[in-house]
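Enquirer: Dropping a prediction and its sequence here:
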Amino acid sequence: MYAFKAAGWFERQGVGWEAAVVLDRDTPDFSHLLGQRVTIDGAQHMCIAINHFEHSPPYRKGARIGIIVKKRQTGFAFAER
């Protein structure tokens, strides 16, 4: 399984949530991530899309990308008021 630390999370209206991460390897495409389970900030997610910020392949390790998932799972719960 692939593990990432998000620099930030952004809601993609009508799509899901995007985690801004650093690419883990050099790659010509994102087949190792698309449709795969990934761990982001310690929580498991299903990668449904990648935002490559209009960069062209090949994509280089260390480049910033967005991993888009359906739900953002956090490690804490909000207290009801």
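Expert: Good, I have the coordinates.

Enquirer: And the strands in this structure?
Expert: 2-4, 8-12, 16-22, 37-40, 43-51, 64-69 (DSSP state E).

Enquirer: Dump these to a markdown table, plus distance to residue 58, mean pLDDT and mean neighbour count.
Expert: Any C-beta I mention is one placed from the backbone N, CA and C, and that applies to glycine too. Converted to a markdown table, the strands of the chain look like this (distance: least, C-beta to C-beta, whole Å; pLDDT from 0 to 100; neighbours: other C-beta atoms under 10 Å):
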| stretch | distance to residue 58 | mean pLDDT | mean neighbour count |
| --- | --- | --- | --- |
| strand 2-4 | 18 | 95 | 16 |
| strand 8-12 | 25 | 94 | 12 |
| strand 16-22 | 16 | 96 | 19 |
| strand 37-40 | 20 | 96 | 16 |
| strand 43-51 | 14 | 95 | 16 |
| strand 64-69 | 13 | 96 | 20 |
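
Enquirer: Let's have these in TSV, adding distance to residue 31.
Expert: Below are the strands of the chain laid out as TSV (distance: least, C-beta to C-beta, whole Å):
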stretch	distance to residue 31
strand 2-4	12
strand 8-12	21
strand 16-22	17
strand 37-40	13
strand 43-51	10
strand 64-69	14
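
Enquirer: Nearest to residue 29, out of the ones you listed?
Expert: Closest to residue 29 of the strands of the chain is strand 43-51 (C-beta to C-beta; 9.1 Å).

Enquirer: Just the C-alphas of that closest one, formatted as CSV.
Expert: Extracted in CSV, the C-alpha atoms of strand 43-51 (Å, rounded to 0.1, in the frame of the first residue of the first chain):
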residue,chain,number,x,y,z
ALA,A,43,-6.2,6.8,7.1
GLN,A,44,-7.0,4.4,4.2
HIS,A,45,-8.7,5.9,1.1
MET,A,46,-9.5,4.7,-2.4
CYS,A,47,-7.8,6.9,-5.1
ILE,A,48,-10.4,7.9,-7.7
ALA,A,49,-8.4,10.5,-9.6
ILE,A,50,-5.1,12.4,-9.7
ASN,A,51,-4.6,16.1,-10.2
